[in-house]
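Chemist: coords below, sequence missing:
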């Protein structure tokens, strides 16, 4: 697979709030034509750092794309550094100078003298026209690399890249076709999941396998490149079949959808409705379910029975049960699920009660203990979990588990 | 000024949608103690690229911070590569191994064998304790550099960095005294806020002023550096006084606390309790309130009246009112707030009803229209808002506004 590196240049890019959307955009564009991005770097407007980054990239990667540093000021060092590293001359391009002067004239402004710097190009480079600004881009075929210099403003970079670079890069990529698969899983920690599938994906060196773990979720991504679409598809499908067979019950989506979107989809499919009664998750389950567009079709209501009194008043949990079993118990979870289902008259009722911490734990019921019950037409299922981590993480994992239990109940309906 | 480079490691970081929030966070933290970030790089889980990036960084910059690649899988190459580049051995640390095993045991799970890899450390390195995960960090004093290895999950990286790295780095930065102020505001968009305070902070060139905007919130951070603490403090206080005077009613915290933490603090102060009735926010307000440690002292319960029927059944909104005014109306918001306050018997009741979109808007009630009411001992206050943005953003801003209205009611109690 052809590979590229991206170097973004500009001191403002090294401030805390800067998100390098340009390189995200370029990554997406490059991936779509079968070019992988193997490294990204950000340097300030500093000749030394840029030179070092560039020398490193030239040694290892065929395509180098720089972003920014093509402006008219002293700060804008990209062309100067690239020329030095590639041993090229900087020469004044009369056509570019004329077109910059014309742009200023059209606005009734005299061209500031330093804008002439933008008409300097590297000898032997191809000019990439900038229809939306004064700084043209440059494409340089060096001995072993292609070096592409793009302007920093996204409104200039994006059209320039699509119009002038994509066709060139597509040719270089030799029309490799790509095929991708994704499996979103829940219920297995990353290390356990990896232990199960590593023996499978290690036999498919021609497919790139990536794991991405979040609390309560691991995504497995597969990418194959081949000469034809059919071949890439076959290659990736081979591995995908093996992984799907191994992970079966843990896979909740083979798309980029979230668990709450999947649950919503099943609810719509089954023409089912849902209501929830939450204690330790404090509304997070309802919040996730209602975060999905169109969730009013199936989500009817929820109650957050945080205090014991509200477990009695809002969910009709018998006071004696609370006293005997404690609020964090299988019985209370079942009671919450059943009671909200009956009260609202939904197909599904979910009950959650647990200890999110940091305080409130005990030896028998440590922080992280969560009881979840899902009541449906076929009865009530219940699970006890002990989740690791902070209050936030425990609550998140509890909603993840509740959504997954709901998904399974819906699948069996 | 002391300088640092950040190298983030992980193939998922090179996918198009990934935002490297870790390096943004580290940049902010480093800048605040007077260390500049001169270069950032992202490499995949690839030994060669990481090795080359690392060798380059070691030659030019005293502090190198790596993020990620400390996990238990084959993919996780950071320690191996750093050991090779710095010519150190990888040795098994028995204490770390024991603590990882203990973490798994506490959850009733056997430690997967490959998690033992996380107990490997570089010879001569200091272990940075990970209170929120299994991968410890490492601090290595090399010949001319300090190399710091941090885990990738932000929930592990952030507390580890603040507790173990900041004190060490502060010493390295040479003891310039720093003084800081923060103002967290809500209710003014960033541009309007900046227009009001720019004339003030521009007169204080010796204080670094940074604005950080999130939906429904703008933070103003001031940092001054000086030879003595007293001098730094005087310098920053001068500007802080001016800004506080200008922004007064929009400031909800002069600390790093969230709006829900501030509301929680006031509730505890006033020995008051709260219950909420939410429609369009679907539980997000309750979720935020209960996300605060110890919130069970004041948060009693909530209802999510998503369907119209549940507004009638759970909150006693008269059907005729719903029909006449519509579910998204001042009357329904007031009804929700009043009804939940009475039903649960709390000091404060909050009602929210609105249109989060993307569908459901009309010319009189466009998407983003939200009515919020807060009922307290002194009566009910109400506001109508039209929030811009996506479903998520609208819901977030609605909870932000509801929390701020609650804060004001509590202040007047």
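Modeler: On my side now, so go ahead. Because the structure is predicted, anything quoted here is derived from the model rather than measured.
Chemist: what about residue A:99, how many residues nearby?
Modeler: Residues lying near residue A:99 (other CB atoms under 10 Å in any protein chain shown) number 15. From N, CA and C alone the C-beta is placed, and that goes for glycine too.
Chemist: mind telling me what element it is part of?
Modeler: Secondary structure from DSSP states H and E places residue A:99 in helix A:94-106.
Chemist: need the next SSE after that helix, C-terminal direction.
Modeler: Helices and strands here follow DSSP H and E; after helix A:94-106, the next one along the chain is strand A:120-122.
Chemist: who does that next one touch, helix- and strand-wise?
Modeler: Contacts defined by 3 or more CB pairs under 8 Å, 6 or more residues apart in numbering or on different chains; DSSP states H and E place strand A:120-122 against helix A:78-86, strand A:90-92, strand A:137-141.
Chemist: do that again at 10 Å, thanks
Modeler: Secondary-structure packing of strand A:120-122 (3 or more CB pairs under 10 Å, 6 or more residues apart in numbering or on different chains; DSSP states H and E): helix A:78-86, strand A:90-92, helix A:94-106, strand A:137-141, strand A:146-150.
Chemist: and chain A, what are its domain boundaries?
Modeler: A:2-172, A:177-253, A:259-411 (automatic domain parsing).
Chemist: could you measure from residue A:359 over to residue B:178?
Modeler: 33 Å (CB to CB, to the nearest Å).
Chemist: so the two - more neighbours on which side?
Modeler: Using other CB under 10 Å as the criterion, residue A:359 and residue B:178 rank with residue B:178 on top: 19 against 11.
Chemist: does the helix ranked longest in chain A come close to chain B?
Modeler: In chain A, with assignment by DSSP state H, the single longest helix is helix A:391-411. Yes - counting by CB under 10 Å from any CB of the partner chain, chain B is contacted by helix A:391-411 at A:391-393, A:395, A:399.
Chemist: residues of that helix that come out buried?
Modeler: For helix A:391-411, the neighbour count (16 or more other CB atoms under 10 Å in any protein chain shown) marks A:391, A:393-407, A:409-410 as buried.
Chemist: could you do stretch A:145-164 as well?
Modeler: Neighbour-count burial for stretch A:145-164 [16+ other CB under 10 Å]: A:145-153, A:156-158, A:160-161, A:164.
Chemist: stretch A:191-200 now?
Modeler: For stretch A:191-200, by 16+ other CB under 10 Å, it's A:191-195, A:197-198, A:200.
Chemist: repeat for stretch A:98-111
Modeler: In stretch A:98-111, counting by 16+ other CB under 10 Å, buried: A:100-101, A:111.
Chemist: can you sort out which of the residues you listed also neighbour chain B?
Modeler: Counting by CB under 10 Å from any CB, no member of those is near chain B.
Chemist: how about JSON lines for those residues, with pLDDT added?
Modeler: JSON lines is the format used below for the buried residues of stretch A:98-111 (pLDDT from 0 to 100):
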{"residue": "A:100", "pLDDT": "87"}
{"residue": "A:101", "pLDDT": "88"}
{"residue": "A:111", "pLDDT": "84"}
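Chemist: tell me the one of those residues nearest residue A:306?
Modeler: Comparing the buried residues of stretch A:98-111 against residue A:306 with CB to CB picks out residue A:100 as the nearest, at 65.0 Å.
Chemist: any idea how far the closest residue to that closest one other than its chain neighbours is from residue A:72?
Modeler: Using CB to CB, 6 or more residues apart in numbering or on different chains and skipping residues adjacent in sequence, the residue nearest residue A:100 is residue A:134, 5.0 Å away. Distance of residue A:134 to residue A:72, computed by CB to CB: 7 Å.
Chemist: any residues in contact with both of those two?
Modeler: A:100, A:111, A:115, A:118-119 (CB atoms under 10 Å, 6 or more residues apart in numbering or on different chains).
Chemist: could you pull out the helices for chain A?
Modeler: For chain A, helices defined by DSSP H occupy the ranges A:21-32, A:47-60, A:78-86, A:94-106, A:154-160, A:166-172, A:190-201, A:229-247, A:259-269, A:284-290, A:308-313, A:319-325, A:330-344, A:391-411.
Chemist: could you give the average pLDDT over the last one?
Modeler: Translated: helix A:391-411. For helix A:391-411, the mean pLDDT works out to 96.
Chemist: just stretch A:115-133 next, same as before
Modeler: The model assigns stretch A:115-133 a mean pLDDT of 91.
Chemist: could you do stretch A:374-386 as well?
Modeler: On average, stretch A:374-386 scores 97.
Chemist: is that stretch positioned near chain B?
Modeler: Yes - using CB under 10 Å from any CB, stretch A:374-386 comes into contact with chain B via A:384-386.
Chemist: equivalent analysis for stretch A:73-81, please.
Modeler: No - if you take CB under 10 Å from any CB as the test, stretch A:73-81 misses chain B, and the best it gets is 14.0 Å.
Chemist: okay, how far is it across that stretch, tip to tip?
Modeler: 14 Å (CA to CA, to the nearest Å).
Chemist: same deal with stretch A:275-290?
Modeler: Stretch A:275-290: ends 11 Å apart by CA to CA.
Chemist: repeat for stretch A:274-290
Modeler: One end of stretch A:274-290 to the other measures 11 Å (CA to CA).
Chemist: now it, how far from the chain's geometric center?
Modeler: 24 Å (CA atoms, centre = their mean, to the nearest Å).
Chemist: let me know the outermost residue of chain A.
Modeler: Residue farthest from the centre of chain A, counting by CA atoms, centre = their mean, is residue A:320 at 47.5 Å.
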